[in-house]
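**Q** sequence first, then the predicted structure, then my questions.
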Amino acid sequence: MTKTTEKYGKKVNLALGLWVKLARASATFGKLSTENIRSFGLTEPKFAVLECLGHLGPLKLSILSKKMLVSSGNMTCVVDNLEDEHLVERMPSREDRRAILVQLTPKGKKIFDEIFIKHADFITNITGVLTEKEQETLSQLLKKLGLSLNEFSSKHE
């Protein structure tokens, strides 16, 4: 069997190896994160809304959708479910009477305060194989790659 480097060259082999390693690490990281979030009795979208509102405060549904990269229809469903659980509430905006804001209820704030730090500790633990410097470097490199991929994607739409 011919090695990839022999068939396609070192540059291609390096790129393909990076892609495979990044995809595998991302899939495993995502799986572990999802399992941890589910241990709190939440889905990823519900956790993401609680986290976003917990850190940013009340937001318009449209802004929440953009921050979470989901359609407004999906976001409405997630917010409806969180509202049914008394974790968020909708309220009219004081600045724009046409706008509706979504905010954490006191129960939602309590849940956010209890679980976010646990999830953050979990993420800190599973990334602990890397030193702080390595985490900073990897974060910078992934940001650079992500911005480049977004630019590439927008040019090819």
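**A** Ah, there it is.

**Q** and the helices in this protein?
**A** 4-8, 10-38, 44-56, 61-68, 72-84, 106-126, 132-155 (DSSP state H).

**Q** check which residues of the third one are buried.
**A** Along helix 44-56, these residues count as buried under the neighbour rule (16 or more other Cβ atoms under 10 Å): 45-54. Every residue, glycine included, has its C-beta placed from N, CA and C.

**Q** returning to what we had before: closest one to Arg94 among the helices of the chain?
**A** helix 61-68 (15.7 Å; Cβ to Cβ).

**Q** hang on, the earlier thing: can you tell me which of the helices of the chain is packed in deepest?
**A** For those, the largest average neighbour count (mean count of other Cβ atoms under 10 Å) is found in helix 44-56, namely a mean of 18.

**Q** what lies in contact with it?
**A** For helix 44-56, contacts defined as Cβ atoms under 8 Å, 6 or more residues apart in numbering pick out 33-34, 37, 40, 42, 59, 64, 67-68, 70, 74-75, 78-79, 81-82, 87-88, 102-104, 108-109, 111-113, 115-116, 119.

**Q** hmm, 10 Å instead?
**A** 30, 33-34, 36-38, 40-43, 59, 63-64, 67-70, 74-75, 77-79, 81-82, 85, 87-88, 101-104, 108-109, 111-113, 115-116, 119-120 (Cβ atoms under 10 Å, 6 or more residues apart in numbering).

**Q** likewise stretch 91-109?
**A** Against stretch 91-109 from outside (Cβ under 10 Å, 6+ apart): 49-50, 52-54, 57-64, 75-76, 78-79, 82-83, 85-90, 110-113.

**Q** if you set the cut-off to 8 Å instead, what comes out?
**A** 49-50, 53-54, 57-61, 64, 79, 82, 86-90, 112.

**Q** which residues does Ser62 contact?
**A** Contacts of Ser62 (Cβ under 8 Å, 6+ apart): Ser72.

**Q** domain-wise, how is this structure divided?
**A** Taking automatic domain parsing as the reference, the chain has its domains at 42-126, 130-157.

**Q** including mean pLDDT, could the ones you listed go into JSON lines?
**A** JSON lines is the format used below for the domains of the chain (pLDDT from 0 to 100):
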{"stretch": "domain 42-126", "mean pLDDT": "92"}
{"stretch": "domain 130-157", "mean pLDDT": "92"}
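
**Q** make JSON lines from these and add distance to Lys10 to it.
**A** Formatted as JSON lines, the domains of the chain follow (distance: least, Cβ to Cβ, whole Å):
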{"stretch": "domain 42-126", "distance to Lys10": "32"}
{"stretch": "domain 130-157", "distance to Lys10": "19"}
